[in-house]
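> need a structure here:
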Amino acid sequence: MLNLSWRGWWFGCVRLGVRTAWLLLLCGGLLTQAFESPRVLTAAQKMGPATVARAQALLQEIAEVSSQDDETRLRAINTFFNRQILYRDDRETWGVVDYWASPLETLSKGQGDCEDYAIGKYFSLIAAGIPSVKMRMVYVRAQVGGSIQAHMVLAYYPEPNAEPLILDNLITEIRPASRRPDLAPVFSFNAEGLWQGVGGSNAGDPSARLSRWRDVFAKAKAEGWW
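Just a heads-up that it's a prediction; the model follows:
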């Protein structure tokens, strides 16, 4: 069985500088004020009626839960993407080996792979009012059947030293990391940083290390998500 050490991973990151980002959260939040639903709909209109319909449904979901507690918001957005988006390989959806879609690109296709689920949930939860510093997209080694596969999930940390909750498309129920022994974290990233391994060693700026993450951020900003 794979060894999972999510909580220790977060402790290490706090010692190495994420405390600064957490203090910014306490002072007002990160990437929570720039969401503009009219811009999202305008961008969706350029992608066709199917995109508009899915975007409207997502925006309604966001509006309905934005004043609720974090658990309600997590459950609603996780359920939306897991039900509305079909899992498909990037080669089938985009004709390339690896493509990171923006939220509207994923909605336009109605399908995507694990990165697309995590990206869509991340930006939608920010739009619903959850600060980005509380979330990380996490590359993991997932035990699927008898094999180990590269996979991505979204992790939510209610507090800096808390065990995270895992939002996934493989197991749709949101579970604490300790109840996901099938996953072993490799590295994680969000708007504030990139972390590698389970020891908390800070690996620098994700926009420099992950060109696809930089590109997704640019696309999400153009769409109005932040």
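
> And the helices in the chain?
For the chain, applying DSSP state H gives helices covering 6-13, 19-26, 37-45, 49-65, 70-84, 90-93, 103-109, 114-127, 206-209, 211-223.

> Relative to residue 174, which of the ones you listed is closest?
Taking CB to CB, helix 70-84 is the member of these nearest to residue 174, at 5.8 Å. Just so you know, the C-beta spots here come from the backbone N, C-alpha and C atoms, and that holds for glycine as well.

> lowest-confidence helix or strand of this structure?
helix 19-26 (a mean of 37; mean pLDDT, DSSP states H and E).

> Skipping its backbone neighbours, what lies nearest residue 153 in space?
Leaving aside its chain neighbours, residue 153 sits nearest to residue 168 (4.6 Å; criterion: CB to CB, 6 or more residues apart in numbering).

> For that neighbour, give me its contacts.
Residue 168 sits next to 117, 153-154, 180 when contact means CB atoms under 8 Å, 6 or more residues apart in numbering.

> Could you export these as a markdown table, including pLDDT, neighbour count and distance to residue 137?
Shown next, in a markdown table, are the contacts of residue 168 (pLDDT from 0 to 100; neighbours: other CB atoms under 10 Å; distance: CB to CB, whole Å):
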| residue | pLDDT | neighbour count | distance to residue 137 |
| --- | --- | --- | --- |
| 117 | 98 | 24 | 10 |
| 153 | 97 | 26 | 8 |
| 154 | 97 | 29 | 6 |
| 180 | 96 | 24 | 15 |
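
> Show me which pair in the residues you listed is furthest apart.
Comparing all pairs in these by CB to CB, the longest separation belongs to 117 and 180, at 15.2 Å.

> one step back: as TSV, the contacts of residue 168 with distance to residue 186 would be great.
Below are the contacts of residue 168 laid out as TSV (distance: CB to CB, whole Å):
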residue	distance to residue 186
117	17
153	11
154	15
180	14
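
> Out of the residues you listed, flag the one nearest to residue 103.
Taking CB to CB as the measure, residue 103 lies nearest residue 117 of these, at 10.5 Å.

> What residues does that closest one make contact with?
Contacts for residue 117 were tallied using CB under 8 Å, 6+ apart; they are 81-82, 85, 87, 106, 152, 154, 168-169.

> The same query, at a cut-off of 7 Å, please.
Residue 117 makes contact with 81, 85, 169, according to CB atoms under 7 Å, 6 or more residues apart in numbering.

> follow-up on the earlier one: the helices of the chain: lowest mean pLDDT?
Sorting the helices of the chain by mean pLDDT places helix 19-26 lowest, at a mean of 37.

> And the pLDDT at residue 195?
In this model, residue 195 is scored at 80, pLDDT.

> same question, residue 186
Residue 186 carries a pLDDT value of 90.

> and what of residue 4?
The per-residue pLDDT reported for residue 4 equals 42.

> List just the nearest of the contacts of residue 168 to residue 71.
Closest approach between the contacts of residue 168 and residue 71, by CB to CB: residue 154, at 14.5 Å.

> Residue 97 versus that closest one, what's the distance?
22 Å (CB to CB, to the nearest Å).

> Can you read off the backbone torsions of the residue lying farthest from the centre of the chain?
Most distant residue from the mean C-alpha position of the chain: residue 146, 26.5 Å away (CA atoms, centre = their mean). Phi and psi for residue 146, reported as degrees, to the nearest 10, are phi -100, psi 10.
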